[in-house]
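> okay, predicted coordinates and the sequence, questions at the end:
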Amino acid sequence: MSRFPAVLLPLLATAALAAEVVERVPRVRAAGVIVASAEAVDWRYLAFPALLDRGDEILVSFKRARSHAQDPGAALDLVRLDPTTGRAIDRRAIAQLDGHIMQMGEWVRFANGDIANYIDTQVPGKVTTRAGLRVVRSTDGGRTFGPLERVGLVDGVEYGYAFDHITEGRTTWMLAMTFANLPGGKQAPNARAPAGSVDVIRSDDHGKTWHFVRNLSHEFGDVPINESAFIRHGDGWIVTTRGYDSHERLHLTDASFRVVRQTDLTATHATFLTSHIGRPRLFSRDGQVYLLGRNVREKGKPMQLALFRLDVVALAVASFAVLDNAEHARVTDGYYTAPWFRGTGADTMLHLVTYKGLNGQPPDLVHLAFRWDEVK
């Protein structure tokens, strides 16, 4: 029997892990450009990919634009990928609106087979202004998409930016963010103007209507958070949050998204995590939970793409792999990333779609692949 009280065991485990984290730099098994910025004369900024694995093809949405932000007319494009090679099969625009910016899209797969892309729609100004969450929907597996529509009010609130979703049975949960300029939105404590809260909302009718579940920003202690991801863990959830205070956190909640325990990853692992994780993604594989995204490992050094294996008891990092830019090249924009897997056993491959720009040049849409045994 342990001589330490049970309540202290997670804290002791976190302290031990902070000193024992193993780093890997795997060999890239495949790398290639999916869509090159040089293909376009004007709309050369290609960024912020999100994907949906359809089995026989991978659907990837991404921003096609002039710049990172403040570029009216920017479109959301769709590219279909071969799931084994990562090569583009087909490409076209699925959302564009005069005077508006299709900044980022997030896929949602509903229980009835419909798929939809929820889009962070913006308008230019002195500061970035959210114009309300838009959506395009497909009822035929992604072959065609309906018109761009405004999601509208959810229990009196209009959301501006969707981050992640999970569908179980007929219920779909989604993480989405409010903004002070949109109906029902209020300035969140300590958040950067005009940011509001990150909320959980749910739909039981395949996205026709949504309802509020919980304000996670408040539930987690009025922390200033934006981009977030979540994953099922037992009867509850694990949530990771990117803070405006440049901290990445992990939160364990119950089934109703009430916090049980939480940790500050950036504070725990300051030797290799000096800020938040850009556009964090959570996924599980082989009984383990992983955190994927953009990392600034050392202050003053360029960004890297990193994969973190988590210890879900200690809510800490157990090991991590540098998936791109171990050489510290001048990557000036990039690494919002989404994963998919192909192969079995020792031949299992982790595939990634990401974006990457060097030396201030417009970024390309990029495919990377690794042998899973080398990075897990």
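Great, that's in hand.
> now residue 246: closest residue in space that isn't a chain neighbour?
Ranked by C-beta to C-beta, 6 or more residues apart in numbering and with sequence neighbours excluded, the top spatial neighbour of residue 246 is residue 275, at 4.4 Å. From N, CA and C alone the C-beta is placed, and that goes for glycine too.
> can you give me the neighbour number for the one you found?
Other residues within reach of residue 275 by the criterion other C-beta atoms under 10 Å amount to 18.
> that one touches residue 296, doesn't it?
Yes: between residue 275 and residue 296 there is a contact under C-beta atoms under 8 Å: 4.7 Å.
> report the buried residues of the helix or strand that contains residue 175.
Residue 175 is part of strand 171-179, with elements assigned from DSSP states H and E. Residues of strand 171-179 classed as buried by neighbour count (16 or more other C-beta atoms under 10 Å): 172-179.
> now do that strand: which elements does it pack against?
Contacts defined by 3 or more C-beta pairs under 8 Å, 6 or more residues apart in numbering; DSSP states H and E place strand 171-179 against strand 157-168, strand 195-203, strand 225-233.
> residue contacts, residue 120?
102-105, 130, 133, 160-162 (C-beta atoms under 8 Å, 6 or more residues apart in numbering).
> kindly report the same for residue 90.
79-80.
> now swap in residue 155 and tell me
184, 210-212.
> cutoff 7 Å now
211-212 (C-beta atoms under 7 Å, 6 or more residues apart in numbering).
> going forward, the N-terminal residue is numbered 145.
In the new count, where the first residue is 145, that last one comes out as residue 299.
> and it, how far from residue 194?
Plainly put, residue 299 is 25 Å away from residue 194 if you go by C-beta to C-beta, to the nearest Å.
> cool, and residue 204?
Relative to residue 194, residue 204 is positioned 7 Å away (C-beta to C-beta).
> try residue 415
31 Å.
> higher neighbour count, the two?
Taking neighbours as other C-beta under 10 Å, residue 415 and residue 194 compare with residue 194 leading, 23 against 12.
> check which helix or strand covers that one.
Using DSSP H and E, the element containing residue 194 is strand 189-197.
> pLDDT averaged over that strand - what is it?
For strand 189-197, mean pLDDT is 98.
> just stretch 420-438 next, same as before
97.
> that older thread, now the contacts of residue 264 in CSV, please, with extra columns for neighbour count and pLDDT.
Formatted as CSV, the contacts of residue 264 follow (neighbours: other C-beta atoms under 10 Å; pLDDT from 0 to 100):
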residue, neighbour count, pLDDT
246, 30, 98
247, 23, 97
248, 25, 96
249, 27, 98
274, 24, 95
277, 25, 98
304, 27, 97
305, 24, 97
306, 25, 98
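> just flag the most distant two among those.
Across the contacts of residue 264, no pair lies farther apart than 249 and 274, at 14.3 Å, counting by C-beta to C-beta.
> returning to what we had before: between the strand holding residue 319 and strand 301-312, how many degrees?
Using axes from the mean of the first three to the mean of the last three C-alpha atoms, to 10 degrees, one finds that strand 315-323 and strand 301-312 are set 150 degrees apart in direction.
> need the next SSE after the lowest-mean-pLDDT helix or strand in the chain, C-terminal direction.
Using mean pLDDT, DSSP states H and E, helix 153-164 stands out as the lowest-scoring helix or strand of the chain, at a mean of 53. Using DSSP H and E, the helix or strand that follows helix 153-164 towards the C-terminus is strand 166-168.
> next secondary structure after that next one?
Moving toward the C-terminus from strand 166-168, the next helix or strand (DSSP H and E) is strand 174-179.
> and residue 235, what does it touch?
179, 221-223.
> and it, how far is that from residue 476?
Distance, residue 235 to residue 476, by C-beta to C-beta: 25 Å.
> of the contacts of residue 235, buried ones?
179, 221-223.
> so which residues of the protein form helices?
Taking DSSP state H, the helices of the chain run over residues 153-164, 360-363, 409-412, 516-519.
> buried set for the second one?
The reference is to helix 360-363. Going by 16+ other C-beta under 10 Å, helix 360-363 has these buried residues: 360-361, 363.
> now the third one
Neighbour counts using 16+ other C-beta under 10 Å place 409-410, 412 of helix 409-412 among the buried residues.
> of the buried residues of helix 360-363, closest to residue 488?
Set against residue 488, the nearest of the buried residues of helix 360-363 by C-beta to C-beta is residue 360 (36.5 Å).
> which ones are touching the closest one?
With contacts defined as C-beta under 7 Å, 6+ apart, residue 360 is in contact with 342-344, 383, 401.
> spatially, which two of those are the most separated?
343 and 383 (11.9 Å).
> farthest pair within the contacts of residue 235?
179 and 222 (11.0 Å).
> and the strands in the stretch 395-520 of the chain?
403-408, 422-429, 432-439, 448-455, 460-468, 475-478, 482-486, 493-502, 508-515 (DSSP state E, counting those that start in this stretch).
> format the ones you listed as CSV; extra columns: mean neighbour count and distance to residue 212.
Formatted as CSV, the strands of the stretch 395-520 of the chain follow (neighbours: other C-beta atoms under 10 Å; distance: least, C-beta to C-beta, whole Å):
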stretch, mean neighbour count, distance to residue 212
strand 403-408, 16, 28
strand 422-429, 20, 12
strand 432-439, 23, 13
strand 448-455, 23, 18
strand 460-468, 21, 19
strand 475-478, 19, 7
strand 482-486, 18, 19
strand 493-502, 23, 9
strand 508-515, 22, 14
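> looking at those strands, which is closest to residue 253?
Judged by C-beta to C-beta, the one of those that comes nearest to residue 253 is strand 482-486, at 13.4 Å.
> what's next to that closest one, contact-wise?
193-195, 197, 202, 227-228, 425, 427, 436, 492-497.
> and what of stretch 495-509?
Residues contacting stretch 495-509 (C-beta under 7 Å, 6+ apart): 177-181, 188-193, 195, 204, 206, 230, 449, 473-486, 510-513.
> thanks a lot, see you next time.
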